[in-house]
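Peer 1: Here is a sequence together with a model predicted from it:
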Amino acid sequence: MAQQTVAVVGAGACGLSMLKTLREDGFKVTCFERRRQVGGLWAYTKEPSMTTALPSTRALISKYTCGMSDFPMPDHYPPHLTQAQFQEFMESYAKHFDLLKDIVFGASLKNVRRNDDDTRWLVEVLIDGETKTEEFDKVALCHGYQTYSQKPRFEDEEKFEGILMHAQQFRPEDVEKYKGKNVVMVGMSSTASDVINNILPHASKVYLSHRRGMYIFPTWRDNTPADLLLSWRRRQTGFLLQRYFPGLARWLGDKALDYLMRKTWKNLDPAWRILPSPSVSISLPGASDTIIPLLQSGKLTSIHGIKRFLGPSTIEFTDGSILEDIHAVICATGYTADLTVAPFLPVSKPPNYSGPDLLRLWHNIFPPKYADSMALLCHSAYGKNNGFSFNDVQSMAVSNIFRHVHPLPSLPTMESDIDKHHAWLVSCWARDKTPNSFDPSMSTANS
């Protein structure tokens, strides 16, 4: 029997682990990476259209939950790695397992589709300006869920004459343009925290604009990396509750996080509107060591969401307040995966639902019709708090499916599982009271 071929798209932590595991399990693997080096978003680039960690970025989870099963983190690394150390680790991993020979760099995925007789996958890539199409037996899309920036469209934004951009475009080499300026940062994500830390020493005033609250926790708690406090037993208990008692799991999770927020950050000013936060079932908690302390010190000012632009430097906010002399607005408002490359993906159309598309993926990974030959590891954010170790286990599971080591359920069973999960997602969407904020890829329970 001829050796089966697999295309892996993306050479970040997920793609590298997938390449290594599938190759060890007997597949002939080709990995396509649009950058010129491994590392994914941890490989810093000045290209503004690519999502990247900044040189000042430190990981929010510790190295103790990040190592691969057969390639642990070096002892000399600090508990929370820098961008450069993460990139170095992945380069070392790729060299140690001789993965570079199977990676095509500078290759942007354009399209994945079935061939004419529906037996194999056609993978179309753009390499140095030339389009090339190859056939593969199986495909694993590992190009991340943070590819496209999601910048909101504001009313009358064309009136604004200052800088209006998504945080994806921000680079520390450009901080001088914010010197002495008044800046509005939209969103409270870890990306927002990174950008704020870079521009605060240069800007005259920085405002934090947000429409809703968020659970925000420091990376350390009681002199211990915070992620180590979430033990395996606690995780398993949470998973069981999410699966069998999702309503109870949501209530307990929200109560626990609300309590921890108030205990961790003393004297949370209600005017900041950090609490209440949307339910943890539909919005992942954030981590930042600086946002709350900066608010407490007065160096950062919390304001409401943007309603509209009134002029070249004037903005009105949803509470009716108006700020003048604003020179820049940076939107740290999230990302989405590039799923235009996979037009074959089916979408659910639930009644009385008008939220984002719900992709019909079994376990949020496998399209049922092609579950034994296609895996999308770029859709759901679940498991990301486990770092690279999660990618390691995930690649083993995908390989077992591709090799038929783990039998798949029947097509009707997979479709039924998806229907149940999407019914739960629709119920989450219906409870979410913040317009345009529901992201099904961040809703992890009951999957």
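Peer 2: Looks like it came in fine.

Peer 1: Can you get me the centre-to-centre distance for stretch 35-48 and its chain?
Peer 2: For stretch 35-48, the separation from the chain centroid amounts to 16 Å (computed by CA atoms, centre = their mean, to the nearest Å).

Peer 1: contact partners of that stretch?
Peer 2: Outside stretch 35-48, the residues that touch it by CB atoms under 8 Å, 6 or more residues apart in numbering are 10-16, 50-55, 83-84, 86-87, 90-91, 94, 99-100, 103, 105-106, 144, 146, 168-169, 171, 173. (Each C-beta comes from the backbone N, C-alpha and C, glycine too.)

Peer 1: Show me those that map onto strands.
Peer 2: Among the contacts of stretch 35-48, the ones falling in strands (DSSP state E) are Ile103, Phe105.

Peer 1: Make a ChimeraX selection of the buried ones in the contacts of stretch 35-48.
Peer 2: For the buried members of those, the matching ChimeraX selection, counting by 16 or more other CB atoms under 10 Å, is:
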select :10,11,12,13,14,15,16,50,51,52,53,54,83,86,87,90,91,94,99,103,105,144,146,168,169,171
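
Peer 1: contacting residues around the longest helix seen in the chain?
Peer 2: Longest helix in the chain by number of residues (criterion: DSSP state H): helix 411-431. With contact meaning CB under 8 Å, 6+ apart, helix 411-431 is reached by 246, 279, 281-282, 348, 350, 352-353, 355, 358, 360-364, 366, 368-369, 371, 408-409, 438, 440, 443, 445-447.

Peer 1: list the buried ones in that helix?
Peer 2: By 16+ other CB under 10 Å, the buried positions in helix 411-431 come out as Met414, Glu415, Ile418, His421, His422, Trp424, Leu425, Val426, Cys428, Trp429.

Peer 1: quick one: which of the residues you listed is nearest to Leu257?
Peer 2: Leu257 lies nearest to Cys428 out of the buried residues of helix 411-431, by CB to CB, at 16.2 Å.

Peer 1: how much space between the spatially closest residue to that closest one that is not a sequence neighbour and Gln85?
Peer 2: Once flanking residues are discounted, Cys428 sits nearest to Ile282: 4.7 Å by CB to CB, 6 or more residues apart in numbering. Separation of Ile282 from Gln85 (CB to CB, to the nearest Å): 33 Å.

Peer 1: Over to Pro225: give its phi and psi.
Peer 2: Main-chain dihedrals, Pro225, degrees, to the nearest 10: phi -50, psi 130.

Peer 1: right, and it touches Leu60 too?
Peer 2: No - using CB atoms under 8 Å, Pro225 is not in contact with Leu60, being 9.9 Å away.

Peer 1: Comparing these two, which residue is more hemmed in?
Peer 2: Per other CB atoms under 10 Å, whichever of Pro225 and Leu60 has more neighbours is Leu60, with 21 against 18.

Peer 1: The residue nearest to Cys428: neighbour count?
Peer 2: If you count neighbours by other CB under 10 Å, Ile282 ends up with 21.

Peer 1: same thing with Leu200?
Peer 2: 18.

Peer 1: what are the phi and psi angles of it?
Peer 2: Reported as degrees, to the nearest 10, the phi and psi values for Leu200 are phi -60, psi -40.
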